[in-house]
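Asker: Just a sequence and a predicted model for now, questions to come.
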Amino acid sequence: MQTSTTKQSAALDKAALSASTPDKKDSTAISQIPLRIYQTPVQHLPDDLYVPPGAFAIWLEQFAGPLDFLLYLVKKNNVDLTQMPILPITEQYLAYISELDTEHFELAGDYLLMASTLIAIKSELLLPTPEVPSDERDPKAELIERLEEYAQIKAVSQRLDNLVRLERDVFLAMVSMPSTEVMSAELPSYSPNLLIDSLFKMQLQPDYQMHTIKVDTVPLSDRIASISRQLSTDGARSFYELLDNNQGKIGVVVSFVAVLELIKRQLVGVVNTDLESRPNDAGTDADKGAAENDHIGQLTLQWLA
Amino acid sequence: MTDNQHQSPTQTDDYLETMSKHIEVLLHASETPLTETVLKKQLSLTVEELTQALERLQLRLASGVLSLHKTASGYRLQISDDYSALIQRVFPQRQERLSQALLETLSVIAYKQPVTRSDIEHVRGVTLSSNILRQLFDKGWIVEEGYKDTLGRPALLHTTPQFLDAFGLTHLDELPPMPDMEAIQAMS
Amino acid sequence: MTDNQHQSPTQTDDYLETMSKHIEVLLHASETPLTETVLKKQLSLTVEELTQALERLQLRLASGVLSLHKTASGYRLQISDDYSALIQRVFPQRQERLSQALLETLSVIAYKQPVTRSDIEHVRGVTLSSNILRQLFDKGWIVEEGYKDTLGRPALLHTTPQFLDAFGLTHLDELPPMPDMEAIQAMS
């Protein structure tokens, strides 16, 4: 109650508000007091809320929306929400809304929608009602339900605002990090291979017309560059040795595509190895079987450039 | 003083003191609150050691102006409440006010989650301004997670642990109770 | 202990202790370092009182992990340098990823130094963005030293000892061998 009163008084000229509050029994007494609103002397106040020309939109902005405004009207009429007299409230609502000029379209939309709802309810109440099918919702009851739900949310939002809040009521402690010189000394250094890889990438832009893997967790250009670097330094390596264990399955796939790309560009060749020449192949039959299923891993790749 | 059987009391004492300092450093250096799990793992502490180190930290902080605070997403260091008035006086810009529209939107999400944008518009009777949603996303108070199985499959909005942190709650259960209709009638 | 003639020693003691805490609070709450002028004004302190309160603050901080740091723009609280290794270990993401363009530029300078800007443009085949050079200068990885004796006397770029440090090298000889770039280019 407290907050909504302050909210309105902030929005309205104080004199205008005092005239509008329903508990002010005698509004004529006020007209005896010399009043000025926006430099204009006011001779007599209307029975209802006085709104200086053009100020209506500004005043309306203080409400969180048409439901908030309807709640205000219900309160102003001093009635129980569930017993809301729809006819007078609709009349008042429409009277206010008629003040809204076209300059405030963005504000008007929601209010006009509510106005149409109210008019629909009103006309339904005025018309002689035939047997209402039981499955049809009573629009007035629905509106009251919405108002109740909104009133709850409004009340609870004020309770939420009353909680002790970080950065309003309590504050985080801020400190600076240790001096930058000391911090950078602790930085793990960059690998010099980054430099060489960047040069390979500069020369070997991958051909993006071929199929690329959507999930770029292991960029193809990175793999092409580092495989080129390894092979150009060491001459020849097996496919296994070219893999980076940290890159997982997708790393194997991207590495394979990278090798294919390098073979296509004739930078890398495949050394012909047969079963006999394979190292460490003197194991059991089971080992042999596994090895035979693994030709790709054993392929030896050679740098040709 | 200590029930550790492998180390002499003074050794354990020094160790716990060091660990309590390391916790303080990590809490200061971290951009988010740190959970017990993270602290235990990063500092290789047992549950017992962590508890004792946190107690020591609390004790040491008591002589200064900070306090150790446990939030929904972990521990954080904040300036003791006693000094809030001083901060509000000297740095009025740090005092952030939230608009009624933002508070209402946040309340709908918090109390009725998961909700879609149109759910919020229905409850509030107003078109939802993208500005308000952006503010809530920027603060990390809400996230989109999942879709409602209706026409258009609209995204569902939820509050986050940061929302709880900001409002000093450790669980959604601790949200202020929703007033019943009689209470609302009495208020108006 | 105190030269204040109006208050009894214990009163002054308490007062200075409170003021040292207020300074600590303001330093924790401020987004920027705070000058002596601001502290004196906000807490209504004399020069003498401020000095004594700062001394007390320093003394109290010594038992924790923070230190009072005086920078060109004022005082701030920062985590003591002793803990930088711990922070780097737990929050390693502070090491940034270097862009391909920056790495290429750096490689050309490292392998072909001394080079001019147009040498880099020639090798890379693209115009050199001043933003990248600025980043390399900011990091202290490159310097301008001497001029090439051609038209316009363009400045020559070299790498620095900081560059070697950042890449874990002690000497330029330790750079990985440069591949035969022309051969690669010819084949692909």
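Answerer: Yep, it's here. Numbers count the residues shown, from 1 in each chain, chains lettered A, B, ... in the order given.
Asker: Restricting to C-alpha, output the longest helix along chain B in CSV.
Answerer: Selection of the longest helix in chain B by residue count, based on DSSP state H, yields helix B:9-29. The C-alpha atoms that make up helix B:9-29 are tabulated as CSV, following Å, rounded to 0.1, in the frame of the first residue of the first chain:
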residue,chain,number,x,y,z
PRO,B,9,50.0,-30.5,16.0
THR,B,10,52.2,-27.5,15.0
GLN,B,11,52.8,-28.9,11.6
THR,B,12,49.1,-29.3,11.0
ASP,B,13,48.5,-25.9,12.4
ASP,B,14,50.9,-24.3,9.9
TYR,B,15,49.4,-26.3,7.2
LEU,B,16,45.9,-25.3,7.9
GLU,B,17,46.9,-21.7,8.2
THR,B,18,48.5,-21.9,4.8
MET,B,19,45.5,-23.6,3.3
SER,B,20,43.2,-21.0,4.8
LYS,B,21,45.3,-18.3,3.0
HIS,B,22,45.2,-20.2,-0.2
ILE,B,23,41.4,-20.4,0.0
GLU,B,24,41.4,-16.6,0.6
VAL,B,25,43.5,-16.0,-2.5
LEU,B,26,41.4,-18.3,-4.7
LEU,B,27,38.2,-16.6,-3.5
HIS,B,28,39.6,-13.2,-4.3
ALA,B,29,41.0,-14.2,-7.7
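Asker: ok now that helix, how far from the chain's centre?
Answerer: For helix B:9-29, the gap between its own C-alpha mean and the chain's C-alpha mean amounts to 24 Å (CA atoms, centre = their mean, to the nearest Å).
Asker: Residues of the stretch 101-250 of chain A that sit close to chain B?
Answerer: Counting by CB under 8 Å from any CB of the partner chain, the residues of the stretch 101-250 of chain A close to chain B are A:109-110, A:114, A:146, A:148-173, A:175, A:177. C-beta coordinates here come from the backbone N, C-alpha and C atoms, glycine included.
Asker: near chain C too, which of the residues you listed?
Answerer: Okay, of these touching chain C (CB under 8 Å from any CB), that's A:171, A:173, A:175, A:177.
Asker: Greatest separation within the residues you listed: which pair is it?
Answerer: The two members of these with the most space between them (CB to CB) are A:171 and A:177, at 19.3 Å.
Asker: name the element residue A:114 belongs to?
Answerer: helix A:105-126 (DSSP states H and E).
Asker: Quick one: list the elements packing against that helix.
Answerer: For helix A:105-126, the contact count by 3 or more CB pairs under 8 Å, 6 or more residues apart in numbering or on different chains; DSSP states H and E identifies helix A:56-60, helix A:66-76, helix A:86-97, helix A:139-162 as packing neighbours.
Asker: Let's see the pLDDT reported for residue A:163.
Answerer: At residue A:163, the predicted lDDT confidence score is 92.
Asker: my guess is it meets residue B:164, correct?
Answerer: No. The pair residue A:163 and residue B:164 fails to qualify as a contact (CB atoms under 8 Å) at a distance of 10.5 Å.
Asker: Neighbour count for the two, which is higher?
Answerer: The neighbour count for residue A:163 versus residue B:164, taken as other CB atoms under 10 Å in any protein chain shown, is higher for residue B:164 (20 against 16).
Asker: Tell me how far that one lies from residue B:28.
Answerer: 22 Å (CB to CB, to the nearest Å).
Asker: Quick one: low-confidence residue ranges for the stretch 1-150 of chain A.
Answerer: A:1-59, A:100-107, A:128-137 (pLDDT under 70).
Asker: ok, back up a step: tell me which other helices or strands the longest helix of chain B touches.
Answerer: helix B:36-43, helix B:47-61, strand B:74-79, strand C:74-79, helix C:84-90.
Asker: Serialize the ones you listed to JSON lines and add fields for mean pLDDT, distance to chain A and mean neighbour count.
Answerer: Supplementary listing: the helices and strands packed on helix B:9-29 in JSON lines, determined by pLDDT from 0 to 100; distance: least, CB to the nearest CB, whole Å; neighbours: other CB atoms under 10 Å in any protein chain shown:
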{"stretch": "helix B:36-43", "mean pLDDT": "95", "distance to chain A": "16", "mean neighbour count": "15"}
{"stretch": "helix B:47-61", "mean pLDDT": "94", "distance to chain A": "10", "mean neighbour count": "17"}
{"stretch": "strand B:74-79", "mean pLDDT": "94", "distance to chain A": "5", "mean neighbour count": "20"}
{"stretch": "strand C:74-79", "mean pLDDT": "90", "distance to chain A": "4", "mean neighbour count": "20"}
{"stretch": "helix C:84-90", "mean pLDDT": "86", "distance to chain A": "4", "mean neighbour count": "18"}
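Asker: Nice, that's everything, thank you.
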